[in-house]
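>>> Need coordinates for the below:
(2 chains)
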Amino acid sequence: MPSSASTDPGEVSDIDLVKRSQAGDTRAFDTLVTKYRGRIYAMTYHLIQNETEAWDLAQEAFIKAWRALPNFKQDAAFYTWLYRIAHNVTYDWLRKKKVQGDGEFDDERTEHRVAAGAEATPKGDATPDTAMRNAELGQRIQEAIARLSPEHRQVIILREVEGLAYEEIAALVPCSLGTVMSRLFYARKKLQEQLKDVYETTL
Amino acid sequence: MKPPSEDHDLIRWLDGEMNDTELAAFEARLKDDPVLAKEADDLRALSAGIRDHLPAEMKVPHADFFNSQIQVRIAQMDLDEIRQKQTGATSLADSFLAWMRKPWFATAGAVALAVLGLVWMRPHTQDTAHSLILSSYTPGLGVEASTYHDNEADATVLMLDGLEEVPADRKISGISVHRSETEPEIAATTLFDAAGSPLLVISRDAVGHPLFLTNTPRG
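Numbering: from 1, shown residues only, chains lettered A, B, ... in the order given. Model (predicted):
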């Protein structure tokens, strides 16, 4: 499960900030928001691939966290608890929006984001501008992930970006360990299919 | 496609979820099976690519506004909570600020709140002899507001020109602001009554227009 961000010496600890927030100190909570907004926003953005909605959902997660703070017993790290709230907020939104089904190859949702130069770049090609190639590759990966179904996208983000263990993913989603493994496998196969010109070697 | 168990082995190896025994057995299989080894290499490269291109932390657009909106919503929730408690109480609470619910008096109410708020948003040089009006704001274009300090009453007098005629028998009451707290970080000021309950939160919206969260019943 994601842990709290590294803290600088002298920085007020999450525990102190949480205690002050629980006592109604909105400035302490504002410090927590500043500390974790980048990670929460990244998670919501990766899951829904829309800047405006991700911004709103990240904010909603912090609001819900504030309301739930009186019930936070500090038996888990604050960020872990916050992350779970943000994940649930985002996934509820996805469910309501029904951006699902088999969302892969849903060009309508992602076509406008395709960069002009985002054509396949065969692995091993000697591209002069490495930075440009890298940016194009990043764009293609994001587009491929956007085409996954929410369930597949969810496990990929939780595993590859957040680094959660299978058991943590299963608890968060929630689903069985077998389902986590199956979704991860099929999500990767679908990504591989879309990015085979980049990540497939020949025997 | 291979049986699910083999698929699971592959991704468990990829994700480091195997124990030592399982790992040794799977790596032996990789040596003997070039097709499996190729697939493992491809998936590992894909995972590395995803990790490289999807940051775990991103810059939040308009980060300051992001924070301030959260603070405003928290203040609004607090006020809503107080409002709910008050609506369940006696009619004394309802009569307090009841004038603000009169439709014809909405403009005047907004103006009064705005000016009162701006009075209390003055710098923290507490000078009880004068009121410092930084600016005033009237939602109605036909209404003009002006103010002056009445030394005898030790009060700020608000003059509103352009309102519809107010019936002579109309009883008007106002807000008794006891103290204020300004949060510079979120550019918001909260006004409190003598009992310490928040009456009004004053802030600005995204385009700089005044934003008032009042402790008054809806309707």
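
>>> what is the mean pLDDT for the helix or strand hosting A:Thr34?
Counting by DSSP states H and E, the secondary-structure element that holds A:Thr34 is helix A:26-48. Along helix A:26-48, the predicted confidence averages to a pLDDT of 94.

>>> try stretch A:175-185
Averaging pLDDT along stretch A:175-185 yields 93.

>>> same question, stretch A:191-201
Taken as a whole, stretch A:191-201 has an average pLDDT of 82.

>>> do stretch A:74-81 as well
Per-residue pLDDT over stretch A:74-81 has a mean of 85.

>>> For it, output the C-alpha coordinates as CSV.
Written as CSV, here are the backbone C-alpha positions of stretch A:74-81 (Å, rounded to 0.1, in the frame of the first residue of the first chain):
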residue,chain,number,x,y,z
GLN,A,74,-4.4,6.2,12.7
ASP,A,75,-4.1,2.4,12.5
ALA,A,76,-2.8,3.0,9.0
ALA,A,77,-0.7,5.7,7.4
PHE,A,78,-2.7,8.8,6.6
TYR,A,79,-1.7,8.6,2.9
THR,A,80,-2.8,4.9,2.7
TRP,A,81,-6.2,5.9,4.1
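
>>> so how far is it from its chain's centroid?
Taking the mean of its C-alpha atoms, stretch A:74-81 sits 18 Å from the chain's own mean (C-alpha atoms, centre = their mean, to the nearest Å).

>>> Report the buried residues of it.
For stretch A:74-81, the buried set under the neighbour-count rule, 16 or more other C-beta atoms under 10 Å in any protein chain shown, comprises A:77-79, A:81. For glycine as for every other residue, the C-beta is placed from the backbone atoms N, C-alpha and C.

>>> Domain map for chain B?
As assigned by automatic domain parsing, chain B contains the domains B:4-53, B:63-214.

>>> Spatially nearest residue to the residue nearest the centre of chain A (excluding sequence neighbours)?
If you average the C-alpha coordinates of chain A and look for the closest C-alpha using C-alpha atoms, centre = their mean, you land on A:Met43, 2.8 Å from that point. Once its chain neighbours are removed from consideration, A:Met43 has its nearest residue in A:Ala86; the separation is 6.0 Å (C-beta to C-beta, 6 or more residues apart in numbering or on different chains).

>>> re earlier: going by mean pLDDT, which of the domains of chain B comes out lowest?
Among the domains of chain B, domain B:63-214 carries the lowest mean pLDDT, at a mean of 68.

>>> Tell me the spatial nearest neighbour of B:His8, not counting adjacent residues.
In space, not counting the residues next to it along the chain, B:His8 is nearest to A:Met181; the distance is 4.5 Å by C-beta to C-beta, 6+ apart.

>>> and if you look at A:Trp55?
Beyond its immediate neighbours in the sequence, the residue positioned closest to A:Trp55 (C-beta to C-beta, 6+ apart) is B:Pro61, lying 6.2 Å away.

>>> And for that neighbour, the neighbour number?
Burial of B:Pro61 is recorded as 12 neighbouring residues (other C-beta atoms under 10 Å in any protein chain shown).

>>> quick revisit: can you tell me how far the residue nearest to the centre of chain A sits from A:Leu82?
A:Met43 sits 10 Å away from A:Leu82, going by C-beta to C-beta, to the nearest Å.

>>> With A:Ala146 instead?
Counting by C-beta to C-beta, the gap between A:Ala146 and A:Leu82 amounts to 25 Å.
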